[in-house]
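>>> Got a sequence here, can you model it:
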Amino acid sequence: MIKMTTNSNSRLAMTNFYSSSLRQKIDQLMNILWAGGVNNPMDSIEQISYLIFLRLLSEKDDLLASIDKNYERIFSGRWARYSWGNFVTLTGEELFASVRSAIESLHELPNLSDTGRLLFERATLKIYDRPTLRAVVQGIHEIDLTVHDEIDLKGDMYEYLLSKISMSGTNGQFRTPRHIIDLIVAMVNPQPSDRICDPACGTAGFLIAAFNHILREHTSKSDLERGQVTGDLLKPSQWRFLEEQAFTGFDNDANMVKIAILNLYLHRLEKANIRFHNPLTTGLDGSYPGFRYDVILANPPFSGKVQKESILADLNHGLNTRATELLFLKWFLDHLAAGGRAGIIVPEGVVLGTDRASKRLRQMLLFENSLEAVVSLPHACFKPYASVATFVLIFRQGEMTERTWMYRVEADGYSQDGVRLPIPENDFPDLLSQWSRRCESSYVEVEGKHGWVSAERLAEQGFELAPRRYLLRSHIRHDHTLRTIKDLCTLAKGATPAAKTEPGEYPFVTTAEELKSSSTYQFEGEAVCIPLVSSTGHGHASIRQLTYISGKFAAATIVAVLQVKDRSQLLPRYLYYLLDSHKEELLVLLMKGAANVSLSLTKIGDIKIPVPPIDEQQLMIAELDNLDNELGITQARLDSLERQKEEALMQFKSNFSE
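Residues are numbered from 1 along each chain as shown. I've put the predicted structure just below:
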């Protein structure tokens with residue numbers, strides 16, 4: 001059990017020092033492997049994992065033998081030559097042959113744990129360049145993996161190594177960011193007696209986060225104040241349960257299973273039950289669903305398709321789907337024990353999909369479980385791997401949903417670009433604060449941000465679960481008659497493909513901010529044009545701007561064109577200002593799609609808008625038009641001054657030219 005003797009400030013300084021040193025070592029190893037021909041980051045991580053495990057296993061073997069005379073060594077007899085200390089003195093062909101023999105034979109060690117056997121099953125050495133292998137072995141040998149003033153950073157070192165996985169895998173697999181894992185684990189709040197499973201465990205991030213959460217929640221206040229997470233309040237029986245029975249993980253990628261094994265080993269969970277297993281196609285112990293779990297934590301693969309004949313019949317019963325995200329959700333529902341809790345990540349198709357399987361699963365969530373929370377995440381959360389709309393679902397088995405708490409995360413503490421640098425804006429602390437007090441009498445909902453939604457209202461909306469549907473105002477406060485847009489306007493899609501349009505004399509409306517031109521036109525008169533696809537791309541619902549236009553014009557096929565039927569009832573310019581100023585409430589919340597987020601003419605036509613008398617519309621338009629005119633004049637003046645300044649600078653420069 002970790003005990004600290006330094007104060008928290010010195011501990012932090014020491015942690016930063018050793019962490020920085022270890023990261024530099026990892027960077028050096030990755031660079032050495034890259035230069036030596038091991039160019040796939042997954043292969044590099046696999047090879048480093050084998051060698052680190054071999055070193056740690058050898059050192060543990062030596063330590064136990066030194067303190068227990070009856071200890072039966074792993075590296076004894078003919079296996080002694082595979083002990084780490086033998087490799088560091090070798091070079092060239094002798095080193096290559098010895099390391100290759102060790103890696104390929106280690107799973108046969110008689111005293112090796114089941115975890116070790118699984119790690120080295122079908123293992124091969126992929127570092128063929130002899131000097132590179134020598135440099136990597138020496139580099140790992142020089143890494144200081146001892147505990148400094150009882151600060152153990154081996155787990156952090158390996159987490160940093162795993163961050164080198166910079167490309168998504170197949171079938172939508174990619175690493176889940178640590179801060180999102182920690183958020184979900186905090187919301188689910190696993191306990192020391194829970195049996196916890198991640199059936200798509202990848203590098204085992206959820207399992208390790210659950211273990212760390214339990215330790216932190218069962219550490220005395222005095223230890224926490226000294227910066228120590230010791231789990232000192234856990235009983236010996238609880239420690240044994242956590243180390244030997246609490247954690248189960250599956251993955252259908254053999255390389256990921258091996259990485260998960262070493263990750264858990266370095267986080268003191270060497271006896272966790274990790275298996276190479278596809279839960280969608282193969283049952284365990286000859287029955288389905290078989291064993292059930294108290295907690296399920298997962299970020300299952302998105303957008304994959306399983307061969308229909310391979311899917312477990314009991315799993316797919318009543319769904320008839322091949323989508324991995326839907327099949328995994330069904331697996332979660334089937335494998336929760338009575339009262340069990342789940343915290344999972346799903347794509348937008350699960351919460352808004354109109355297919356039969358998606359609707360059926362949402363009904364199961366509401367009627368056969370208690371759907372406790374739906375959290376929408378920013379579309380950039382999984383960059384640089386992907387930009388996709390994702391949601392966190394928190395639910396409990398065995399109860400019927402009465403109401404669901406929803407929260408819209410707009411900032412997660414990182415920039416929304418592919419670099420993902422830390423920024424001050426972060427909704428996660430507020431989310432956890434509101435989550436902890438959501439049932440208290442002092443809790444206050446915040447429109448557009450978080451609040452409760454009744455199961456009845458969810459059913460009325462076709463069981464759609466996206467928070468923006470319910471937290472954003474879908475109406476405008478007013479004192480006027482409400483009319484649907486389809487009653488007031490004709491609606492049509494543009495007919496001109498943007499990529500095939502020849503420039504010409506007519507304005508051409510696309511989703512771009514500036515008008516383009518076309519040699520032909522399809523529309524004539526005043527119109528309001530609305531983009532039908534997201535302005536910010538893959539997986540994110542947004543509309544940057546609407547366009548008002550008059551005369552003869554063309555419009556792209558991804559643009560909706562609204563033309564007023566009767567100007568005595570509605571002025572086109574009023575319609576433009578109304579929709580543009582309320583696009584988030586009236587248009588964006590209607591957009592759907594997991595990847596290609598879009599808006600339909602039908603949805604636009606059903607929008608109800610306030611229609612004041614024409615004279616009031618005219619007054620509103622006149623005020624806004626005047627401001628637009630003033631802005632135009634000001635902008636023209638600014639442009640003129642910029643040109644004058646450029647000319648003056650050129651003249652200034654010419655005074656010093658030969």
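>>> give me the low-pLDDT residue ranges for the stretch 251-400 of the chain?
384-387 (pLDDT under 70).
>>> As a check, name the ranges of all helices in it.
254-266, 313-316, 324-335, 348-352, 356-367 (DSSP state H, counting those that start in this stretch).
>>> export the second one as CSV, just CAs?
In CSV, the C-alpha atoms belonging to helix 313-316 read as follows (Å, rounded to 0.1, in the frame of the first residue of the first chain):
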residue,chain,number,x,y,z
ALA,A,313,-28.9,-15.3,-32.2
ASP,A,314,-30.0,-14.5,-28.6
LEU,A,315,-28.2,-11.1,-28.7
ASN,A,316,-29.8,-10.0,-32.0
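>>> could I get the helices of the stretch 251-400 of the chain as JSON lines with mean neighbour count and distance to residue 300?
(C-beta placed from N, C-alpha, C; glycine too.) Converted to JSON lines, those look like this (neighbours: other CB atoms under 10 Å; distance: least, CB to CB, whole Å):
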{"stretch": "helix 254-266", "mean neighbour count": "23", "distance to residue 300": "13"}
{"stretch": "helix 313-316", "mean neighbour count": "15", "distance to residue 300": "13"}
{"stretch": "helix 324-335", "mean neighbour count": "23", "distance to residue 300": "4"}
{"stretch": "helix 348-352", "mean neighbour count": "24", "distance to residue 300": "10"}
{"stretch": "helix 356-367", "mean neighbour count": "19", "distance to residue 300": "13"}
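>>> and the end-to-end length of stretch 113-131?
One end of stretch 113-131 sits 32 Å from the other (CA to CA, to the nearest Å).
>>> picking that back up, may I see the helices of the stretch 251-400 of the chain organised as TSV, with distance to residue 547 added?
What follows is the helices of the stretch 251-400 of the chain, written out as TSV (distance: least, CB to CB, whole Å):
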stretch	distance to residue 547
helix 254-266	48
helix 313-316	46
helix 324-335	36
helix 348-352	27
helix 356-367	34
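>>> These: which one's closest to residue 407?
Evaluated over the helices of the stretch 251-400 of the chain, closeness to residue 407 peaks at helix 348-352, with 13.6 Å, by CB to CB.
>>> chain center to that closest one, what's the gap?
15 Å (CA atoms, centre = their mean, to the nearest Å).
>>> Mind listing residues that contact it?
For helix 348-352, the external contacting residues (CB atoms under 8 Å, 6 or more residues apart in numbering) are 323, 325-326, 329, 358, 361-362, 374, 388-391, 393, 464-466, 539, 592-594, 597.
>>> what does stretch 514-526 give?
Identification of contacts with stretch 514-526 by CB under 8 Å, 6+ apart yields 492, 494-496, 498, 501-510, 547-555, 561, 563-564, 572-573.
>>> list the buried ones in that stretch?
516, 518, 521, 523, 526 (16 or more other CB atoms under 10 Å).
>>> about what we covered before: got a PyMOL select line for the buried ones in the contacts of helix 348-352?
Buried residues within the contacts of helix 348-352, by 16+ other CB under 10 Å, are selected in PyMOL with:
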select buried, resi 323+325+326+329+358+361+362+374+388+389+390+391+393+464+465+466+539+592+593+594+597
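>>> Out of the contacts of helix 348-352, list just those in strands.
Counting by DSSP state E, the contacts of helix 348-352 place 374, 390-391, 393 in strands.
>>> Could I get the residues you listed in CSV, plus columns for distance to residue 65?
Putting the ones in strands among the contacts of helix 348-352 into CSV (distance: CB to CB, whole Å) gives the following:
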residue, distance to residue 65
374, 54
390, 49
391, 52
393, 49
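>>> quick one: residue 421 from residue 427, how far?
17 Å (CB to CB, to the nearest Å).
>>> ok, these two, which is more surrounded?
Using other CB atoms under 10 Å as the criterion, residue 421 and residue 427 rank with residue 427 on top: 21 against 7.
>>> mind listing what that one touches?
Contact analysis of residue 427 by CB under 8 Å, 6+ apart lists 407, 409-412.
>>> just the buried members of those?
Neighbour counting by 16+ other CB under 10 Å classes 407, 409, 412 among these as buried.
>>> Thought residue 267 was touching residue 243, still the case?
No: using CB atoms under 8 Å, residue 243 is not in contact with residue 267, being 10.8 Å away.
>>> So this structure: which segments form each domain?
1-166, 481-612, 616-658 (automatic domain parsing).
>>> the more surrounded of residue 243 and residue 267?
The neighbour count for residue 243 versus residue 267, taken as other CB under 10 Å, is higher for residue 267 (21 against 15).
>>> tell me the helices in the stretch 101-250 of the chain, going along the chain?
Per DSSP H, counting those that start in this stretch, the stretch 101-250 of the chain carries helices over the ranges 114-120, 130-142, 154-162, 178-188, 205-217, 221-225, 236-244.
>>> Now tabulate those helices in JSON lines and tack on mean pLDDT.
Shown next, in JSON lines, are the helices of the stretch 101-250 of the chain (pLDDT from 0 to 100):
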{"stretch": "helix 114-120", "mean pLDDT": "79"}
{"stretch": "helix 130-142", "mean pLDDT": "93"}
{"stretch": "helix 154-162", "mean pLDDT": "72"}
{"stretch": "helix 178-188", "mean pLDDT": "95"}
{"stretch": "helix 205-217", "mean pLDDT": "95"}
{"stretch": "helix 221-225", "mean pLDDT": "91"}
{"stretch": "helix 236-244", "mean pLDDT": "94"}
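>>> deepest of those, which one?
Stretch with highest mean neighbour count among these: helix 205-217 (a mean of 23; mean count of other CB atoms under 10 Å).
>>> Throw the domains of the chain into a markdown table and include distance to residue 335, thanks.
Shown next, in a markdown table, are these (distance: least, CB to CB, whole Å):
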| stretch | distance to residue 335 |
| --- | --- |
| domain 1-166 | 22 |
| domain 481-612 | 24 |
| domain 616-658 | 57 |
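>>> for the ones you listed, which one sits closest to residue 399?
With CB to CB, the closest approach to residue 399 among those belongs to domain 481-612: 28.3 Å.
>>> What separates the first and last residues of the closest one, distance-wise?
Start-to-end, domain 481-612 (CA to CA) is 7 Å.
>>> cool, stretch 436-444 as well?
With CA to CA, one end of stretch 436-444 sits 13 Å from the other.
>>> pLDDT of it, averaged?
Averaged across stretch 436-444, the pLDDT comes to 95.
>>> And it, how far out from the chain middle?
In this view, stretch 436-444 has its centroid 27 Å away from the chain centroid, taken as CA atoms, centre = their mean.
>>> ok, residues contacting it?
By CB under 8 Å, 6+ apart, the list of residues contacting stretch 436-444 from outside reads 405, 434, 452.
>>> Just the pLDDT for residue 475.
According to the prediction, residue 475 has pLDDT 54.
>>> Same check on residue 220?
We have a pLDDT of 94 for residue 220.
>>> right, and it touches residue 234 too?
No: Residue 220 lies out of contact with residue 234 (CB under 8 Å); the separation is 10.6 Å.
>>> the more surrounded of the two?
Legend: neighbour count by other CB under 10 Å for residue 220 and residue 234, higher for residue 234 (19 against 13).
>>> Identify the residue spatially nearest to the more buried one, adjacent ones excluded.
Once flanking residues are discounted, residue 234 sits nearest to residue 218: 4.9 Å by CB to CB, 6 or more residues apart in numbering.
>>> residues touching the one you found, list them.
192, 231-234, 238.
>>> From residue 189, how far off is it?
For residue 218, the distance to residue 189 - CB to CB - is 12 Å.
>>> same deal with residue 417?
From residue 417 across to residue 189, the span is 33 Å (CB to CB).
>>> Looking at the two, which is more packed in?
residue 189 (16 against 11).
>>> which among the contacts of residue 427 gets closest to residue 105?
Checking these against residue 105 by CB to CB gives residue 412 as the nearest, at 45.7 Å.
>>> was I right about the closest one contacting residue 379?
No: contact status for residue 412 versus residue 379: not in contact, 10.7 Å apart, counting by CB under 8 Å.
>>> In the stretch 501-650 of the chain, where is pLDDT below threshold?
For the stretch 501-650 of the chain, the stretches flagged by pLDDT under 70 are 537-540, 593-595.
>>> As a check, name the ranges of all strands in it.
506-509, 516-518, 523-524, 527-531, 547-549, 552-555, 559-564, 608-611 (DSSP state E, counting those that start in this stretch).
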